[in-house]
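**Q** the amino acid sequence is not available; the structure is as follows:
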(Lines give C-alpha, C1' and ligand atoms only; values in the text may rest on other atoms or scores of the structure.)
Protein backbone atom coordinates (compact mmCIF):
# COMPACT_ATOMS: atom_id res chain seq x y z
CA UNK A 1 0.00 0.00 0.00
CA UNK A 2 1.39 3.47 -0.90
CA UNK A 3 2.60 5.48 2.08
CA UNK A 4 0.02 8.18 1.31
CA UNK A 5 -2.86 5.70 1.65
CA UNK A 6 -1.33 4.30 4.84
CA UNK A 7 -1.14 7.76 6.32
CA UNK A 8 -4.73 8.50 5.27
CA UNK A 9 -5.93 5.20 6.79
CA UNK A 10 -4.05 5.91 10.00
CA UNK A 11 -5.53 9.41 10.17
CA UNK A 12 -9.07 8.06 9.68
CA UNK A 13 -8.51 5.46 12.39
CA UNK A 14 -7.31 8.21 14.71
CA UNK A 15 -10.43 10.29 14.01
CA UNK A 16 -12.76 7.32 14.65
CA UNK A 17 -10.84 6.49 17.82
CA UNK A 18 -11.19 10.05 19.08
CA UNK A 19 -14.94 10.06 18.31
CA UNK A 20 -15.37 6.78 20.13
CA UNK A 21 -13.46 8.06 23.17
CA UNK A 22 -15.64 11.17 23.17
CA UNK A 23 -18.83 9.07 23.19
CA UNK A 24 -17.54 6.95 26.08
CA UNK A 25 -16.53 10.10 27.98
CA UNK A 26 -20.11 11.31 27.56
CA UNK A 27 -21.43 8.12 29.12
CA UNK A 28 -18.94 8.50 31.99
CA UNK A 29 -20.25 12.00 32.59
CA UNK A 30 -23.79 10.60 32.95
CA UNK A 31 -22.58 8.19 35.64
CA UNK A 32 -20.69 10.98 37.45
CA UNK A 33 -23.89 13.05 37.56
CA UNK A 34 -26.13 10.13 38.55
CA UNK A 35 -27.08 10.41 42.24
CA UNK A 36 -27.24 6.63 42.45
CA UNK A 37 -23.43 6.52 42.27
CA UNK A 38 -22.63 9.62 44.33
CA UNK A 39 -21.18 7.55 47.18
CA UNK A 40 -19.10 5.35 44.90
CA UNK A 41 -15.46 5.55 45.96
CA UNK A 42 -12.99 6.85 43.33
CA UNK A 43 -15.78 6.97 40.75
CA UNK A 44 -14.06 9.33 38.26
CA UNK A 45 -10.81 7.34 38.40
CA UNK A 46 -12.63 4.03 37.98
CA UNK A 47 -14.72 5.30 35.05
CA UNK A 48 -11.58 6.46 33.26
CA UNK A 49 -10.08 2.99 33.83
CA UNK A 50 -13.25 1.33 32.49
CA UNK A 51 -13.14 3.52 29.39
CA UNK A 52 -9.55 2.53 28.60
CA UNK A 53 -10.29 -1.13 29.20
CA UNK A 54 -13.40 -1.03 26.98
CA UNK A 55 -11.45 0.57 24.12
CA UNK A 56 -9.01 -2.35 24.15
CA UNK A 57 -11.77 -4.54 22.71
CA UNK A 58 -12.24 -4.87 18.96
CA UNK A 59 -15.64 -3.15 18.96
CA UNK A 60 -18.28 -3.67 16.27
CA UNK A 61 -19.77 -0.95 14.03
CA UNK A 62 -22.10 0.19 16.81
CA UNK A 63 -19.23 0.49 19.28
CA UNK A 64 -20.36 -2.57 21.25
CA UNK A 65 -18.57 -5.72 22.36
CA UNK A 66 -19.98 -8.60 20.35
CA UNK A 67 -19.46 -12.35 20.81
CA UNK A 68 -16.32 -12.64 18.65
CA UNK A 69 -14.78 -9.51 20.15
CA UNK A 70 -15.23 -10.83 23.69
CA UNK A 71 -14.01 -14.30 22.73
CA UNK A 72 -10.83 -12.86 21.18
CA UNK A 73 -10.14 -10.67 24.21
CA UNK A 74 -10.58 -13.61 26.60
CA UNK A 75 -8.14 -15.66 24.51
CA UNK A 76 -5.69 -12.77 24.65
CA UNK A 77 -6.02 -12.65 28.44
CA UNK A 78 -5.32 -16.37 28.68
CA UNK A 79 -8.84 -17.41 29.70
CA UNK A 80 -10.34 -18.87 26.50
CA UNK A 81 -14.05 -19.71 26.61
CA UNK A 82 -16.43 -21.65 24.36
CA UNK A 83 -19.10 -19.85 22.29
CA UNK A 84 -21.74 -21.02 24.79
CA UNK A 85 -19.76 -19.69 27.76
CA UNK A 86 -19.19 -16.34 26.02
CA UNK A 87 -22.91 -16.06 25.24
CA UNK A 88 -23.68 -16.69 28.90
CA UNK A 89 -21.18 -14.00 29.96
CA UNK A 90 -22.84 -11.50 27.61
CA UNK A 91 -26.26 -12.45 29.01
CA UNK A 92 -24.95 -11.90 32.56
CA UNK A 93 -23.58 -8.47 31.65
CA UNK A 94 -26.73 -7.31 29.84
CA UNK A 95 -29.35 -9.06 31.93
CA UNK A 96 -30.28 -11.04 28.83
CA UNK A 97 -31.54 -7.92 27.04
CA UNK A 98 -28.95 -7.88 24.25
CA UNK A 99 -26.52 -10.06 22.33
CA UNK A 100 -23.80 -7.40 22.59
CA UNK A 101 -22.36 -5.42 25.51
CA UNK A 102 -22.66 -1.66 25.23
CA UNK A 103 -20.35 0.62 27.19
CA UNK A 104 -23.24 1.49 29.50
CA UNK A 105 -23.77 -2.25 30.18
CA UNK A 106 -20.04 -2.60 30.79
CA UNK A 107 -19.90 0.22 33.35
CA UNK A 108 -23.02 -0.98 35.20
CA UNK A 109 -21.49 -4.45 35.41
CA UNK A 110 -18.13 -3.15 36.66
CA UNK A 111 -19.75 -0.89 39.27
CA UNK A 112 -22.17 -3.56 40.43
CA UNK A 113 -21.59 -5.84 43.39
CA UNK A 114 -22.71 -9.02 41.66
CA UNK A 115 -19.50 -10.89 40.72
CA UNK A 116 -20.17 -12.00 37.17
CA UNK A 117 -17.47 -14.04 35.44
CA UNK A 118 -16.56 -11.24 33.05
CA UNK A 119 -16.32 -8.65 35.84
CA UNK A 120 -13.96 -10.87 37.83
CA UNK A 121 -11.75 -11.45 34.77
CA UNK A 122 -11.58 -7.72 34.04
CA UNK A 123 -10.82 -6.86 37.67
CA UNK A 124 -8.15 -9.55 38.01
CA UNK A 125 -6.32 -8.53 34.85
CA UNK A 126 -3.11 -6.73 35.68
CA UNK A 127 -3.18 -7.56 39.37
CA UNK A 128 0.14 -9.37 39.43
CA UNK A 129 1.01 -8.11 42.89
CA UNK A 130 -0.05 -10.90 45.29
CA UNK A 131 -0.87 -8.45 48.10
CA UNK A 132 -3.25 -6.51 45.87
CA UNK A 133 -4.73 -9.71 44.51
CA UNK A 134 -5.49 -11.06 47.98
CA UNK A 135 -6.96 -7.70 48.96
CA UNK A 136 -9.18 -7.67 45.91
CA UNK A 137 -10.32 -11.24 46.49
CA UNK A 138 -11.21 -10.46 50.10
CA UNK A 139 -13.20 -7.36 49.15
CA UNK A 140 -14.96 -9.22 46.33
CA UNK A 141 -16.07 -11.96 48.71
CA UNK A 142 -17.38 -9.36 51.16
CA UNK A 143 -19.34 -7.62 48.42
CA UNK A 144 -20.80 -10.68 46.71
CA UNK A 145 -24.57 -10.61 46.49
CA UNK A 146 -25.73 -14.19 46.84
CA UNK A 147 -28.19 -14.85 44.03
CA UNK A 148 -31.77 -15.30 45.13
CA UNK A 149 -33.30 -18.68 44.42
CA UNK A 150 -36.72 -17.05 43.95
CA UNK A 151 -36.13 -16.90 40.20
CA UNK A 152 -35.46 -20.64 40.19
CA UNK A 153 -38.62 -21.30 42.18
CA UNK A 154 -40.64 -19.28 39.67
CA UNK A 155 -39.05 -21.11 36.73
CA UNK A 156 -39.95 -24.47 38.25
CA UNK A 157 -43.51 -23.25 38.91
CA UNK A 158 -43.89 -22.30 35.25
CA UNK A 159 -42.39 -25.54 33.97
CA UNK A 160 -44.30 -27.84 36.33
CA UNK A 161 -47.43 -25.66 36.23
CA UNK A 162 -47.81 -25.86 40.02
CA UNK A 163 -47.52 -23.53 42.98
CA UNK A 164 -44.43 -24.10 45.13
CA UNK A 165 -44.76 -22.42 48.52
CA UNK A 166 -41.73 -20.80 50.13
CA UNK A 167 -41.84 -23.37 52.93
CA UNK A 168 -41.79 -26.23 50.44
CA UNK A 169 -39.04 -24.56 48.41
CA UNK A 170 -36.85 -24.28 51.52
CA UNK A 171 -37.32 -28.02 52.08
CA UNK A 172 -36.21 -28.70 48.51
CA UNK A 173 -33.06 -26.62 49.02
CA UNK A 174 -32.26 -28.33 52.33
CA UNK A 175 -32.80 -31.76 50.75
CA UNK A 176 -29.91 -31.11 48.35
CA UNK A 177 -27.51 -31.83 51.22
CA UNK A 178 -29.61 -34.62 52.70
CA UNK A 179 -30.31 -36.73 49.63
CA UNK A 180 -27.13 -38.71 50.16
CA UNK A 181 -23.85 -38.78 52.09
CA UNK A 182 -22.18 -39.06 48.69
CA UNK A 183 -20.96 -35.59 47.64
CA UNK A 184 -21.41 -36.46 43.96
CA UNK A 185 -25.06 -37.24 44.60
CA UNK A 186 -25.41 -33.89 46.41
CA UNK A 187 -23.87 -32.14 43.42
CA UNK A 188 -26.28 -33.85 41.02
CA UNK A 189 -29.27 -32.75 43.10
CA UNK A 190 -27.86 -29.23 43.39
CA UNK A 191 -27.47 -28.96 39.61
CA UNK A 192 -30.99 -30.29 39.02
CA UNK A 193 -32.67 -27.89 41.45
CA UNK A 194 -30.58 -24.96 40.18
CA UNK A 195 -31.40 -25.91 36.58
CA UNK A 196 -27.75 -26.17 35.56
CA UNK A 197 -28.16 -29.10 33.20
CA UNK A 198 -28.54 -27.96 29.62
CA UNK A 199 -31.83 -29.26 28.28
CA UNK A 200 -32.44 -29.08 24.53
CA UNK A 201 -34.99 -26.31 25.03
CA UNK A 202 -32.31 -24.26 26.76
CA UNK A 203 -29.72 -24.98 24.08
CA UNK A 204 -32.29 -23.99 21.45
CA UNK A 205 -32.46 -20.50 22.98
CA UNK A 206 -28.71 -20.08 22.47
CA UNK A 207 -28.51 -21.94 19.16
CA UNK A 208 -31.80 -21.82 17.19
CA UNK A 209 -30.40 -24.37 14.71
CA UNK A 210 -30.44 -26.98 17.53
CA UNK A 211 -33.87 -28.59 17.77
CA UNK A 212 -35.69 -28.31 21.12
CA UNK A 213 -37.34 -31.70 20.49
CA UNK A 214 -36.42 -34.64 22.72
CA UNK A 215 -33.95 -37.05 21.09
CA UNK A 216 -35.55 -40.02 22.82
CA UNK A 217 -39.27 -39.66 22.07
CA UNK A 218 -38.94 -37.33 19.04
CA UNK A 219 -42.28 -35.82 20.01
CA UNK A 220 -42.11 -33.36 22.92
CA UNK A 221 -39.92 -30.39 23.81
CA UNK A 222 -37.00 -31.53 25.95
CA UNK A 223 -37.36 -29.41 29.08
CA UNK A 224 -35.53 -30.52 32.22
CA UNK A 225 -38.76 -32.04 33.57
CA UNK A 226 -39.45 -33.89 30.33
CA UNK A 227 -35.88 -35.18 30.05
CA UNK A 228 -35.76 -36.36 33.67
CA UNK A 229 -39.27 -37.66 34.26
CA UNK A 230 -42.10 -37.29 31.79
CA UNK A 231 -40.61 -38.53 28.51
CA UNK A 232 -42.66 -41.53 27.38
CA UNK A 233 -39.42 -43.45 26.82
CA UNK A 234 -38.68 -43.20 30.55
CA UNK A 235 -42.14 -44.35 31.60
CA UNK A 236 -41.23 -48.02 32.06
CA UNK A 237 -38.00 -47.16 33.87
CA UNK A 238 -39.74 -45.03 36.50
CA UNK A 239 -42.77 -47.33 36.68
CA UNK A 240 -40.63 -50.39 37.43
CA UNK A 241 -38.73 -48.52 40.14
CA UNK A 242 -41.92 -47.39 41.86
CA UNK A 243 -43.38 -50.89 41.64
CA UNK A 244 -40.35 -52.16 43.54
CA UNK A 245 -40.66 -49.36 46.10
CA UNK A 246 -44.34 -50.25 46.56
CA UNK A 247 -43.44 -53.87 47.32
CA UNK A 248 -40.57 -52.91 49.64
CA UNK A 249 -42.53 -50.32 51.63
CA UNK A 250 -45.85 -52.20 51.52
CA UNK A 251 -47.57 -48.94 50.66
CA UNK A 252 -48.62 -47.64 47.25
CA UNK A 253 -45.85 -45.52 45.69
CA UNK A 254 -46.92 -43.63 42.57
CA UNK A 255 -44.45 -41.87 40.27
CA UNK A 256 -44.76 -38.20 41.14
CA UNK A 257 -42.93 -35.64 39.03
CA UNK A 258 -42.40 -33.13 41.84
CA UNK A 259 -41.16 -35.81 44.24
CA UNK A 260 -38.81 -37.31 41.64
CA UNK A 261 -37.23 -33.94 40.79
CA UNK A 262 -36.93 -32.53 44.31
CA UNK A 263 -36.80 -35.82 46.25
CA UNK A 264 -39.13 -34.71 49.05
CA UNK A 265 -42.38 -36.49 49.91
CA UNK A 266 -45.45 -34.68 51.17
CA UNK A 267 -45.79 -34.16 54.92
CA UNK A 268 -47.64 -36.99 56.61
CA UNK A 269 -46.23 -39.73 54.38
CA UNK A 270 -46.23 -43.18 55.98
CA UNK A 271 -42.57 -44.00 55.42
CA UNK A 272 -40.24 -44.45 58.37
CA UNK A 273 -36.67 -43.08 58.55
CA UNK A 274 -35.08 -46.22 57.05
CA UNK A 275 -37.53 -46.26 54.16
CA UNK A 276 -36.97 -42.56 53.49
CA UNK A 277 -33.21 -43.20 53.41
CA UNK A 278 -33.67 -45.96 50.84
CA UNK A 279 -36.04 -43.78 48.81
CA UNK A 280 -33.46 -40.98 48.76
CA UNK A 281 -30.85 -43.29 47.28
CA UNK A 282 -33.32 -44.85 44.85
CA UNK A 283 -34.34 -41.49 43.38
CA UNK A 284 -30.91 -39.88 43.16
CA UNK A 285 -29.35 -42.99 41.58
CA UNK A 286 -32.17 -43.17 39.02
CA UNK A 287 -31.61 -39.50 38.13
CA UNK A 288 -27.85 -40.09 37.92
CA UNK A 289 -28.44 -42.88 35.39
CA UNK A 290 -30.78 -40.71 33.30
CA UNK A 291 -28.18 -37.93 33.26
CA UNK A 292 -25.60 -40.45 32.08
CA UNK A 293 -27.76 -40.84 28.95
CA UNK A 294 -28.76 -37.16 28.84
CA UNK A 295 -27.76 -36.86 25.18
CA UNK A 296 -28.89 -39.24 22.46
CA UNK A 297 -31.59 -41.86 22.22
CA UNK A 298 -30.37 -44.39 24.83
CA UNK A 299 -32.20 -44.82 28.13
CA UNK A 300 -31.15 -46.47 31.41
CA UNK A 301 -32.50 -49.90 32.29
CA UNK A 302 -33.89 -51.33 35.51
CA UNK A 303 -30.91 -53.69 35.72
CA UNK A 304 -28.59 -50.69 35.72
CA UNK A 305 -30.54 -49.16 38.58
CA UNK A 306 -30.45 -52.41 40.59
CA UNK A 307 -26.69 -52.79 40.00
CA UNK A 308 -26.07 -49.18 41.11
CA UNK A 309 -28.25 -49.66 44.19
CA UNK A 310 -26.30 -52.81 45.16
CA UNK A 311 -23.01 -50.92 44.73
CA UNK A 312 -24.38 -48.26 47.06
CA UNK A 313 -25.51 -50.94 49.51
CA UNK A 314 -21.95 -52.26 49.80
CA UNK A 315 -20.65 -48.77 50.58
CA UNK A 316 -23.45 -48.16 53.06
CA UNK A 317 -22.67 -51.46 54.79
CA UNK A 318 -19.07 -50.37 55.35
CA UNK A 319 -20.19 -46.95 56.59
CA UNK A 320 -22.62 -48.39 59.12
CA UNK A 321 -20.04 -50.96 60.27
CA UNK A 322 -17.54 -48.18 60.96
CA UNK A 323 -20.20 -46.39 63.02
CA UNK A 324 -21.07 -49.65 64.78
CA UNK A 325 -24.65 -49.34 63.53
CA UNK A 326 -25.05 -52.51 61.49
CA UNK A 327 -28.63 -52.87 62.69
CA UNK A 328 -29.58 -49.64 60.92
CA UNK A 329 -28.04 -50.88 57.68
CA UNK A 330 -30.02 -54.13 57.93
CA UNK A 331 -33.25 -52.21 58.58
CA UNK A 332 -32.73 -49.97 55.54
CA UNK A 333 -31.32 -52.41 52.99
CA UNK A 334 -32.30 -55.98 53.88
CA UNK A 335 -35.85 -55.65 52.39
CA UNK A 336 -34.28 -54.78 49.03
CA UNK A 337 -31.78 -57.65 49.15
CA UNK A 338 -34.46 -60.14 50.22
CA UNK A 339 -36.74 -58.87 47.45
CA UNK A 340 -34.05 -59.45 44.81
CA UNK A 341 -33.32 -62.92 46.12
CA UNK A 342 -37.04 -63.79 46.11
CA UNK A 343 -37.94 -62.45 42.69
CA UNK A 344 -34.65 -62.37 40.82
CA UNK A 345 -33.56 -59.35 38.82
CA UNK A 346 -34.36 -61.14 35.54
CA UNK A 347 -38.05 -61.34 36.42
CA UNK A 348 -38.46 -57.62 37.13
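**A** Done, it's in. All values reported here derive from a predicted model rather than from experimental measurement.
**Q** CA atoms for contacts and neighbours, from now on please.
**A** Fine.
**Q** separation between the nearest residue in space to residue 194 that is not next to it in sequence and residue 84?
**A** Among residues not flanking residue 194 along the chain, residue 152 sits closest, at 6.5 Å (C-alpha to C-alpha, 6 or more residues apart in numbering). Distance, residue 152 to residue 84, by C-alpha to C-alpha, to the nearest Å: 21 Å.
**Q** and residue 273, how close does it get to residue 283?
**A** From residue 273 across to residue 283, the span is 15 Å (C-alpha to C-alpha).
**Q** the more surrounded of these two?
**A** Between residue 273 and residue 283, residue 283 has the larger neighbour count (other C-alpha atoms under 10 Å), namely 20 against 12.
**Q** give me the contact list for the helix or strand hosting residue 333.
**A** Per DSSP states H and E, residue 333 falls inside helix 326-343. With contacts defined as C-alpha atoms under 8 Å, 6 or more residues apart in numbering, helix 326-343 is touched by 248, 274-275, 277-278, 313, 316-317, 320.
**Q** residues near residue 18, how many?
**A** If we define neighbours as other C-alpha under 10 Å, then residue 18 has 12 of them.
**Q** burial count for residue 342?
**A** Counted with other C-alpha under 10 Å, residue 342 comes out at 9.
**Q** before we move on, the earlier item: which residues does the particular helix or strand that has the residue nearest to residue 194 in it contact?
**A** Using DSSP H and E, residue 152 falls within helix 150-160. Surrounding helix 150-160, the residues in contact under the criterion C-alpha under 8 Å, 6+ apart are 163-164, 169, 193-195, 225, 258.
**Q** looking at those residues, which is nearest residue 99?
**A** residue 195 (21.9 Å; C-alpha to C-alpha).
**Q** what stretches of the stretch 151-300 of the chain score poorly on pLDDT?
**A** In the predicted model, the stretch 151-300 of the chain carries pLDDT under 70 at residues 267-268.
**Q** what residues does stretch 299-309 touch?
**A** 216, 233-234, 237, 240-241, 281-282, 285-286, 289-290, 293, 345, 348.
**Q** quick check: buried residues in that stretch?
**A** 299-302, 305-306, 308-309 (16 or more other C-alpha atoms under 10 Å).
**Q** now do the domain split for the chain, please.
**A** For the chain, automatic domain parsing gives the domain ranges 3-143, 151-347.
**Q** now the angle between helix 326-343 and the helix or strand where residue 245 lies, please.
**A** Assessed by DSSP H and E, residue 245 sits inside helix 235-249. Orientation note: helix 235-249 sits at an angle of 120 degrees relative to helix 326-343 (axes from the mean of the first three to the mean of the last three C-alpha atoms, to 10 degrees).
**Q** which strands and helices sit next to helix 235-249?
**A** Identification of packing neighbours for helix 235-249 by 3 or more C-alpha pairs under 8 Å, 6 or more residues apart in numbering; DSSP states H and E yields helix 302-322, helix 326-343.
**Q** nice, that's everything, thank you.
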